[in-house]
Structure formats: structure tokens, C-alpha cells
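S.K.: here is the input, now give the coordinates:
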Amino acid sequence: MTFTVICSVCGSPFERHRKSYTDKPVTCYKRKCQNTTYYNYTRIYDRQIRTKYGITAAQYDEMFKAQGGVCYFCGASTGQRRLNIDHDHKTGRVRGLLCTTCNVGLDWFERNRDKAITYTEGEGVV
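M.R.: This next block holds a predicted model:
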């Protein structure tokens with residue numbers, strides 16, 4: 001089954017083999033349209049991280065290269081996905097890039113530091 005959709009960049013109709021259920025703009029397969037979409041997503045991401053973390057997409061890319069494209073803690077590569085920007089929630093200072101698992105784990109540990117230390121030092125539940 002194919003679906004006829006309209007390119008959000010050039011306005012031309014084209015056939016697609018799957019229906020899109022997201023709010024992302026759909027582009028045809030012309031190089032011009034693909035490049036425009038990538039540029040817009042990069043620009044939007046740059047604005048989001050500048051607002052939330054105070055860094056630019058170029059600074060993110062520098063951090064990513066400095067870490068070798070892997071999580072700072074576990075060394076896992078996320079493939080095509082971006083790494084999470086880890087930051088101190090109190091000061092807002094950016095600390096590095098982490099995979100989702102390590103970022104969530106670090107957040108939990110920061111909120112339950114005393115309990116985690118007590119548990120790992122042998123005063124567990126038993």
C-alpha cells in the first residue's frame with residue numbers, strides 16, 4: 001500500500017510506502033528538499049540546547065568529538081541518536097555527554113546519594 005503525501009519544502013506530491021504519524025514535516029526525495037530539512041532540524045536543535053543548557057550545536061559537536069562519540073561513563077555508542085547533555089540541576093553547568101541509561105542513573109544517584117552509599121557500604125536491607 002502506498003500513500004500520496006505533499007513535500008513540506010517544494011509542495012510536490014510523491015508516493016510513500018508508509019504513513020507518517022508524527023508532526024515532523026515530510027519531504028520528498030529530492031536532494032534540495034532533504035538538505036533543507038536537515039538544516040532546519042539542526043537549527044531547531046541549536047536553539048533548543050542554547051536555551052536549555054547555554055551551549056551551541058557547535059559546542060555539542062566539540063564535546064561529542066572530545067569524548068570519541070561515546071558515553072562518558074559506560075563508553076556505549078548510541079549510533080545515530082545524540083547523547084544526552086548532562087548538567088548540574090542546581091548550577092546549570094554542563095558536565096558532559098551521557099547515554100540515556102547513565103543519565104537517568106546519575107540523576108537517581110544524585111537524589112538518593114546517602115541511601116545509595118549506605119546500601120553499598122554493607123548496611124543493606126538484610
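
S.K.: what average pLDDT does the helix or strand where Arg43 lies get?
M.R.: According to DSSP states H and E, Arg43 maps onto helix 31-53. Helix 31-53 shows a mean pLDDT of 76.

S.K.: quick one: the helices in this structure?
M.R.: 31-53, 57-66, 100-111, 113-120 (DSSP state H).

S.K.: identify all contacting residues around the third one.
M.R.: With Cβ atoms under 8 Å, 6 or more residues apart in numbering as the contact definition, helix 100-111 has outside contacts at 71-74, 76, 84, 86, 89, 98, 116. Where you see a C-beta, it was placed from the backbone N, CA and C, and this is true even at glycine.

S.K.: just the closest of the residues you listed to Tyr60, please.
M.R.: Checking the contacts of helix 100-111 against Tyr60 with Cβ to Cβ, the nearest one is Asn84 at 10.9 Å.

S.K.: what number of residues lie near that closest one?
M.R.: If you count neighbours by other Cβ atoms under 10 Å, Asn84 ends up with 18.

S.K.: and Val5, what does it touch?
M.R.: Contacts for Val5 (Cβ under 8 Å, 6+ apart) come out as 13-14, 16, 20, 26.

S.K.: hmm, which of those residues are the buried ones?
M.R.: Among the contacts of Val5, those scoring as buried are 14, 26 (criterion: 16 or more other Cβ atoms under 10 Å).

S.K.: so which residue is dead centre in the protein?
M.R.: Central residue of the chain (Cα atoms, centre = their mean): Arg82, 4.0 Å from the mean position.

S.K.: show me the contacts for that residue.
M.R.: Contact analysis of Arg82 by Cβ under 8 Å, 6+ apart lists Tyr60.

S.K.: and it, how far is that from Leu97?
M.R.: Distance of Arg82 to Leu97, given as Cβ to Cβ, to the nearest Å: 8 Å.

S.K.: can you work out which residues contact both of the two?
M.R.: Contact criterion Cβ under 8 Å, 6+ apart; residues shared by Arg82 and Leu97: Tyr60.

S.K.: for Thr2, give me phi and psi.
M.R.: Thr2 adopts backbone torsions of phi -120, psi 150, taken as degrees, to the nearest 10.

S.K.: number of nearby residues for the residue lying closest to it once chain neighbours are set aside?
M.R.: Distances taken as Cβ to Cβ, 6 or more residues apart in numbering put Glu15 closest to Thr2, at 4.7 Å, once the chain neighbours are dropped. The number of residues packed near Glu15 is 10, by other Cβ under 10 Å.
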